[in-house]
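J.: Next comes the sequence, and after it the predicted model I'd like to discuss.
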2 protein chains.
Amino acid sequence: MFKVSNPVGHALTDPEVPTPAFLIDEAKLMRNLERAKAKAKALGVTLRPHLKTHKSIEIARRQMVSPEGPATVSTVTEARYFAEHGVKDLIYAVGIAPYKLAQIEAIRATGCDLKIILDNVAAAKAVSDYCRDHQTTIPVLIEVDCDGHRSGIQPKSDLLLEVAGALTTGATLVGVLTHAGASYDVENLAVIREAAVNERDGIVLAANRLREAGYDIRIVSVGSTPTMVYAEDETGVTEMRAGVYAMGDLFMMNLGVVKMDDIAGSVLATVIGHQPDKGQVIVDAGWLAMSRDRGTARQHCDFGYGLVCGVDGQPLRGCDIRMTGANQEHGIIEAVAGDRLKPEDFPVGMRLRVLPNHACPTAAPYEKLLLVGDDGCVKVALEHVRGW
Amino acid sequence: MFKVSNPVGHALTDPEVPTPAFLIDEAKLMRNLERAKAKAKALGVTLRPHLKTHKSIEIARRQMVSPEGPATVSTVTEARYFAEHGVKDLIYAVGIAPYKLAQIEAIRATGCDLKIILDNVAAAKAVSDYCRDHQTTIPVLIEVDCDGHRSGIQPKSDLLLEVAGALTTGATLVGVLTHAGASYDVENLAVIREAAVNERDGIVLAANRLREAGYDIRIVSVGSTPTMVYAEDETGVTEMRAGVYAMGDLFMMNLGVVKMDDIAGSVLATVIGHQPDKGQVIVDAGWLAMSRDRGTARQHCDFGYGLVCGVDGQPLRGCDIRMTGANQEHGIIEAVAGDRLKPEDFPVGMRLRVLPNHACPTAAPYEKLLLVGDDGCVKVALEHVRGW
């Protein structure tokens, strides 16, 4: 009924590129992806990137060491999508809900070696029962808690062996997995380095305790973007998972994990008005476009809902211009230092790029992710998977 | 390649209903919709519901006074979707970005009377130029700022007449519109009642100033859920817009605008593990499922990422159990008063319903919204529009 314009080949100021739009700077993306590959190689571990940040097969293919994986996902829907697109080695890295096992089996039946994780006896029994009843095999990793961040079993806990013991029939223990989520909490590189050591020590201890009990632990998996960047020695670890490094964001920049110039994801917005008395510029990207994530509010530099750049991606006026407020589809932009913004400097129709606090929730709602080439034009409108 | 199960007809504990899922209690929804219709009728104004909360035509048809409208939308994509589904009277209630005028014209050409808003001379000139160049008509409302909340022109400002004067050729001034957004800020019903009076007084003043200058102001539009609920006299106003009232949420409950039992939207989640030492229950709904909206953090009762209910929708243990933490696909549930949660009371596989802080961002990412009937089963999987 209506023709929706195709942004491919257009400059970011062309009307064919809609606003709000999620942009990915291709050169920065590729640099981030290559850096992670090199880091994993230098550490002697396999890179198993977490695809939840972008959920796009085209980015995944650039990010993974092969088109078939390995990779990590955070939902069954992502697992299904990436399996449909040829990825053959996946870990679904959220503790399994037993009712999802039929879906896991269906995805495995297509030839994808999809593995699951769990951290309790009830889930281990449920997987064992399922495998027995359906005469099938499902590879399992036990989730280990290295820092009290969230889920998982502490490396020294007796529960580790109890859970391993509850895996029977086709529920096959293949490894252990941990996530140093607490590495996000402190803006101190020494603490992040320590978190990487601690993550490694915890998972290796868990793996060795299981091996001593006779289990064949082939996968020893760690991962978080901060610990990946600052890890110096991963002896005993077999693979590394990380996700947000692909795009970077203001939160990771505050943490010292990426540089401003590494932030590949941004939101394109159009100026729709002003409140001259308040020095405010209003744009058509609000919290649905930027996400409600205010992660930088608890860091040394609060970027509001985002840092405002010109359409070329360069921050305006030394990082002083930020989206300080937002409604569903309105963003309020102000200078946090120096002179108030003047309407004549931000005319109605002008386009801006806004760097997000957190790439993962910001990219999630967009139908397409627009890859921007060196010429400043949209090169590809990338499909990705949304929802559950 | 994979068969995705159909939840329709299933109980919320059946494996055919996926988690996380966004549920809407049909009885509560219908009661909320009827209450708003009755309120608008009692005040003698037209109800023009804002459809951005759910973005679903099937809910819209129950919410609007006729299948053809009127209604309000917050994006051009919503306008296109609702026009395709037969809605004939829409206001796109975000200041127009001039490049969007071609899309507005295309939607209008299908027979939908889509109106736009603006608050500055540059946009007024751009619309006038567009209408002249394309020999077309676009109805325009001037946005009025009644409370310093966001965008719009102050009712007494000279700018009001300047903007009206800049509308020429087919850019036809048909009304004025305001939104008492500041009514969200104070948990005090007297202040909300005052906000309703102020919203009315501001918009009527603006309308009358324009009429005195010779303009035919047919639409005098106000709206916000709090002021709709507490308005007592809308003399001079022709229509009322509100959105979140359809579903309600914890933020509106804290504000005193809806009751716990009016909250129609919730997120269904499955228990995937525990941290027994901390008294925590882990579920498979994190901040992508609940949204990053932490609106209640600045109110008298902070519900974290949501209030935990049984699968019947009743809050557990007197509202003491909340989602206190979240990662992308993990929710951490704790008791904020009384005894710690025990794993045996929340076994792996158990399902819970979590009431959100804010219905609009929570519902947005789901592919379908599941309408739950009186029998506790999924009655319809509602389509809705996502993205931009």
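T.: Noted; the coordinates are in hand.
J.: SS state for the closest residue to A:Cys146 other than its chain neighbours?
T.: Of all residues not flanking A:Cys146 in the chain, A:Gly202 sits nearest, at 3.4 Å (CB to CB, 6 or more residues apart in numbering or on different chains). Glycine gets a C-beta too; all of them are placed from N, C-alpha and C. Three-state call for A:Gly202 (DSSP: H, G, I helix; E, B strand; the rest coil): helix.
J.: cool, and A:Asn208?
T.: With three-state DSSP as the basis, A:Asn208 sits in helix.
J.: OK, contacts around it?
T.: When contacts are counted by CB atoms under 8 Å, 6 or more residues apart in numbering or on different chains, A:Asn208 touches A:Gly236.
J.: try it again with 6 Å
T.: Listed by CB atoms under 6 Å, 6 or more residues apart in numbering or on different chains, A:Asn208 has no contact partners.
J.: That one and A:His358, how far apart?
T.: 35 Å (CB to CB, to the nearest Å).
J.: Could you do A:Ile217 as well?
T.: 33 Å.
J.: neighbour-wise, which of those two wins?
T.: A:His358 (25 against 21; other CB atoms under 10 Å in any protein chain shown).
J.: Name the nearest residue to that one, ignoring sequence neighbours.
T.: Nearest one to A:His358, counting by CB to CB, 6+ apart, is A:Asp293 at 4.1 Å.
J.: is it true that that neighbour touches A:Pro361?
T.: Yes - using CB atoms under 6 Å, A:Asp293 makes contact with A:Pro361 at a distance of 5.0 Å.
J.: what is in contact with these two at once?
T.: Counting by CB under 6 Å, 6+ apart, the shared contacts of A:Asp293 and A:Pro361 are B:Arg292.
J.: Quick check on the residue nearest in space to the middle of chain A: phi, psi?
T.: Nearest residue to the geometric centre of chain A (CA atoms, centre = their mean): A:Thr53, 3.0 Å. With angles defined as degrees, to the nearest 10, A:Thr53 sits at phi -70, psi -40.
J.: what's the spacing between it and A:Gly86?
T.: For A:Thr53, the distance to A:Gly86 equals 20 Å [CB to CB].
J.: Contact partners for A:Phe22?
T.: Neighbour list for A:Phe22: A:363, A:366, A:369 [criterion: CB under 6 Å, 6+ apart].
J.: Nearest spatial neighbour of the second one, chain-adjacent residues omitted?
T.: In space, and not counting its chain neighbours, A:Tyr366 is closest to A:Phe22: 4.3 Å by CB to CB, 6+ apart.
J.: tell me which parts of the stretch 1-150 of chain A are close to chain B?
T.: Contacts of the stretch 1-150 of chain A with chain B, taken as CB under 6 Å from any CB of the partner chain, map to A:1-2, A:15, A:20, A:74, A:80, A:84, A:94-95, A:97-99, A:106, A:119-120, A:122-123, A:150.
J.: got it, and the stretch 251-388 of chain A?
T.: A:270, A:272-273, A:282, A:284, A:291-293, A:328-330, A:348-349, A:360-361, A:365-367, A:387-388.
J.: Please give the element, helix or strand, for the closest residue to chain B within the stretch 101-250 of chain A.
T.: Going by CB to the nearest CB, chain B is nearest to A:Ala122 of the stretch 101-250 of chain A, at 4.0 Å. Assigned by DSSP states H and E, A:Ala122 falls within helix A:121-134.
J.: Pick the one among the contacts of A:Phe22 closest to B:Ala337.
T.: For the contacts of A:Phe22, the closest approach to B:Ala337 (CB to CB) belongs to A:Ala363, at 37.4 Å.
J.: Nearest residue to A:Arg132 in space, please, no chain neighbours.
T.: Using CB to CB, 6+ apart, the nearest residue to A:Arg132 is A:Thr169, at 4.2 Å.
J.: Name the SS class of the one you found, please.
T.: Per three-state DSSP, A:Thr169 ends up coil.
J.: So it versus A:Leu114, what's the distance?
T.: According to CB to CB, A:Thr169 and A:Leu114 sit 18 Å apart.
J.: Could I get the full set of strands for the stretch 101-250 of chain A?
T.: Applying DSSP state E, counting those that start in this stretch to the stretch 101-250 of chain A gives strands spanning A:113-118, A:138-144, A:171-178, A:219-222, A:239-240.
J.: about what we covered before: higher neighbour count, A:Thr169 and A:Leu114?
T.: Neighbours were counted for A:Thr169 and for A:Leu114 using other CB under 10 Å; A:Leu114 has more, 26 against 17.
J.: I'd like the average pLDDT over the strand ranked longest in chain A.
T.: In chain A, assigned by DSSP state E, the strand with the most residues is strand A:265-275. Averaging pLDDT along strand A:265-275 gives 98.
J.: and if you look at stretch A:314-333?
T.: For stretch A:314-333, the per-residue pLDDT averages 96.
J.: what about stretch A:278-298, start to end distance?
T.: End-to-end distance for stretch A:278-298: 26 Å, by CA to CA, to the nearest Å.
J.: Would you mind listing the buried residues in that stretch?
T.: For stretch A:278-298, the neighbour count (16 or more other CB atoms under 10 Å in any protein chain shown) marks A:280-296 as buried.
J.: Among these, which lie within strands?
T.: Short answer: the buried residues of stretch A:278-298 in strands (DSSP E) are A:280-283.
J.: next one: phi and psi at the residue lying farthest from the centre of chain A?
T.: In chain A, counting by CA atoms, centre = their mean, A:Asp277 sits farthest out from the average C-alpha position, at 39.5 Å. When read as degrees, to the nearest 10, the backbone of A:Asp277 gives phi -60, psi -30.
J.: Narrow the contacts of A:Phe22 to those in helices?
T.: The members of the contacts of A:Phe22 that map onto helices under DSSP state H are A:Ala363.
J.: Most neighbours out of the contacts of A:Phe22, which is it?
T.: Going by other CB under 10 Å, A:Ala363 tops these with 25 neighbours.
J.: That one and A:Ala264: what is the separation?
T.: Taking CB to CB, one finds A:Ala363 at 10 Å from A:Ala264.
J.: which stretches of the stretch 1-150 of chain A have low pLDDT?
T.: A:1-3 (pLDDT under 70).
J.: could you list every residue that touches A:Ser5?
T.: Neighbour list for A:Ser5: A:Glu16 [criterion: CB under 6 Å, 6+ apart].
J.: same thing but 8 Å
T.: Neighbouring residues of A:Ser5 by CB under 8 Å, 6+ apart: A:15-16, A:18.
J.: Same question for A:Glu58.
T.: Counting by CB under 8 Å, 6+ apart, A:Glu58 has contacts A:371, A:380, A:382-383.
J.: do the same with A:Thr270
T.: A:19, A:283-284, A:349-352, B:97, B:99.
J.: now A:Val186
T.: So A:Val186 contacts A:Ile192 (CB under 8 Å, 6+ apart).
J.: from the ones in strands among the buried residues of stretch A:278-298, which is closest to chain B?
T.: Nearest to chain B among these: A:Ile282, at 5.0 Å, using CB to the nearest CB.
J.: how about the nearest residue to the closest one, chain neighbours excluded?
T.: In space, A:Ile282 is closest to A:Gly273, 4.4 Å off (CB to CB, 6+ apart).
J.: in terms of contact, does that neighbour touch B:Gly95 like I think?
T.: Yes - the pair A:Gly273 / B:Gly95 is scored as a contact, 4.6 Å apart, by CB atoms under 8 Å.
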